[in-house]
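>>> Structure for the following, please:
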Amino acid sequence: MKDVLKRIEDYFLGRDRSMDVWAPDVVIEAPFAPPGQPRRFENRDAFVAATRAARESLQVRFESLTWTAVHETTDPEVLVLEYELGGMVLTTGKEASAPFVAVLRVRDGQIVHWREYQDKLAIAAALGELPTLDAYTQS
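Numbers count the residues shown, from 1 in each chain. Now for the predicted structure:
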């Protein structure tokens, strides 16, 4: 599993964008996605296609990933990860970080299921988007 954690870190920090840590048929879920954004992707290609524009326009350079906890479960394929992504907001130069929790299933060295819970308030605050986030809650 340490190899998978390293590959996740390399992906998030831009050291390896190959996406091969995720299986081609991976299911990726974001249960707390804002209204209008997908909460489930059925495979790696669908995820890449659906999120390409958002990733390219994201004005953040991720500089650190800290594993705050790695929980093994009774199922040897399932891990619960707690981590913090930190970086710089390129438009302001502000350094910020946000906590995440992911529940994943790993099989044959690839992630076959990823469910991620993000602190949307921390992310919105770092990007200066709290008014936008507030508009979501009012609709």
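
>>> any residues touching stretch 99-109, and which ones?
For stretch 99-109, the external contacting residues (C-beta atoms under 8 Å, 6 or more residues apart in numbering) are 1, 3-4, 23, 68, 75, 77-85, 111-119, 122. C-beta: built from backbone N, CA, C; applies to glycine.

>>> Filter the residues you listed down to the ones in strands?
Judged by DSSP state E, the contacts of stretch 99-109 include 23, 68, 78-85, 111-118 as members of strands.

>>> any idea which element the closest residue to residue 116 other than its chain neighbours lies in?
Distances taken as C-beta to C-beta, 6 or more residues apart in numbering place residue 102 nearest to residue 116, at 4.6 Å, with adjacent residues excluded. In this assignment (DSSP states H and E), residue 102 forms part of strand 95-107.

>>> between that strand and strand 110-118, how big is the angle?
Computed by axes from the mean of the first three to the mean of the last three C-alpha atoms, to 10 degrees, the angle separating strand 95-107 from strand 110-118 equals 140 degrees.

>>> Give the partner strands of strand 95-107 in its sheet and their orientations.
strand 78-89 (antiparallel), strand 110-118 (antiparallel) (DSSP bridges).

>>> residues contacting the residue nearest the centre of the chain?
By C-alpha atoms, centre = their mean, the chain has its centre lying nearest to residue 116, at 6.3 Å. Listed by C-beta under 8 Å, 6+ apart, the contact set of residue 116 reads 28-30, 100-102.

>>> residues in contact with stretch 66-73?
Against stretch 66-73 from outside (C-beta under 8 Å, 6+ apart): 1, 5, 79-84, 86, 99.
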